[in-house]
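Student: need coordinates for the following:
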Amino acid sequence: MNQDSNLSASAELKGQATDAQIAEWKGRYKHGIYSLEVDGHIGYFKNPDRNEINYAMSKADNDKVLNVFEALASVSFVGGSKDLLEDDQLFVGICQELKVKLEGKRAKLVNL
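Tutor: This is a model prediction of the structure:
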C-alpha cells in the first residue's frame, strides 16, 4: 500500500478534528481558520489579527530567526496535533506556510 495515499486520508491524520469542532472554531474566530498538515499530523490555526502579528514580530532576533514563527504558531494554534509545535522537524515543515500568514493580503497601489 502506498504510504503517501495513507497519509492523505484525513481520517488517519493525528489531531484530526471533527466537523462539529471545525464549525465551532469557524464561528469563534472571526478572521477564519486554516489547517496545516505535515507527515501524518494536522493542526488548526486561526488567522492572526494585527496584535498577534505584532506580538510575533516582536520576537524577531537575528540569532534566532524561528522565534517569530514559534510565537505566531503559539498564539494562533486552536487545536489538532501539538506535535506540530513541539517536534522540530514537523515545526520546520509548517514555517513556510506561517510565513504566508505574516505577509497578509496584498494591496494594490494606484497613483491618482
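
Student: quick one, helices of the chain?
Tutor: Using DSSP state H, the helices found in the chain span residues 3-8, 19-28, 50-57, 67-76, 83-86, 88-103.

Student: could you say what helices and strands the shortest one packs with?
Tutor: Applying 3 or more CB pairs under 8 Å, 6 or more residues apart in numbering; DSSP states H and E, we find helix 83-86 packed against strand 41-46, helix 67-76, helix 88-103. All C-beta spots, glycine's among them, are computed from the backbone N, C-alpha and C.

Student: gap between it and the chain center?
Tutor: On the basis of CA atoms, centre = their mean, to the nearest Å, helix 83-86 sits 11 Å off its chain's mean C-alpha point.

Student: which residues are in contact with that helix?
Tutor: Residues outside helix 83-86 that contact it (CB atoms under 8 Å, 6 or more residues apart in numbering) are 14-15, 36, 38, 41-43, 70, 73-74, 77, 90-91, 93-94.

Student: export the helices and strands packed on helix 83-86 to a markdown table and tack on distance to Asp19, mean neighbour count and mean pLDDT?
Tutor: Output for the helices and strands packed on helix 83-86, formatted as a markdown table (distance: least, CB to CB, whole Å; neighbours: other CB atoms under 10 Å; pLDDT from 0 to 100):
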| stretch | distance to Asp19 | mean neighbour count | mean pLDDT |
| --- | --- | --- | --- |
| strand 41-46 | 12 | 22 | 97 |
| helix 67-76 | 21 | 19 | 94 |
| helix 88-103 | 22 | 14 | 90 |
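
Student: quick check: Gly43 touching Ser76?
Tutor: No - using CB atoms under 8 Å, Gly43 is not in contact with Ser76, being 9.8 Å away.

Student: so what's Leu66 up against?
Tutor: Leu66 neighbours (CB under 8 Å, 6+ apart): 91-92, 95.
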